[in-house]
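# Whatever this is, show me its structure:
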Amino acid sequence: MASHCSLRRSVIQLYKELQYMGREYPAGADYFNKKCKAAFLKNKDETDPEKIEMLINRGRFVQKEIEALYSLRKYRAMKQRYYDKDEMDMHSKKIESFVKQL
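From the prediction side, this is the model:
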């Protein structure tokens, strides 16, 4: 079990990291920051260290999901940039035929 000071430090660090990540959020930074702040304020009066740890872990999970969203967005942008639509259709058909063979 972590001490009160280390939990507080973890919560503040998580909040700052999420705020930084929200700058690139697809729905806009303002939307993300409002939702993030509301989530943290909703649980501001929590005093149980185990519950706080659980909430921190949930926040870390959300952080990883946002990173995955950004990676997918970058992948799609690169795919559109470097492949013609005809090439993408051809690759999709090859993949579909390969899957059918399995």
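# now the helices for the protein?
4-21, 29-42, 49-82, 85-101 (DSSP state H).
# who's in contact with residue 18?
Counting by Cβ atoms under 8 Å, 6 or more residues apart in numbering, residue 18 touches 36, 59, 62, 63, 66. Glycine gets a C-beta too; all of them are placed from N, C-alpha and C.
# need those residues in CSV with neighbour count and distance to residue 23, can you?
CSV is the format used below for these (neighbours: other Cβ atoms under 10 Å; distance: Cβ to Cβ, whole Å):
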residue, neighbour count, distance to residue 23
36, 19, 12
59, 20, 17
62, 15, 16
63, 14, 14
66, 17, 11
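# The most centrally placed residue in the chain and residue 7: what is the separation?
What sits nearest the mean C-alpha location of the chain, by Cα atoms, centre = their mean, is residue 66, with 1.2 Å. In this view, residue 66 and residue 7 are 22 Å apart by Cβ to Cβ, to the nearest Å.
# for residue 47, same thing?
Applying Cβ to Cβ to residue 47 and residue 7 gives a distance of 10 Å.
# and the two? which has more neighbours close in?
residue 7 (17 against 7; other Cβ atoms under 10 Å).
# Not counting residues beside it along the chain, what's closest to the more buried one?
residue 52 (5.1 Å; Cβ to Cβ, 6 or more residues apart in numbering).
# Perfect, I'm done here.
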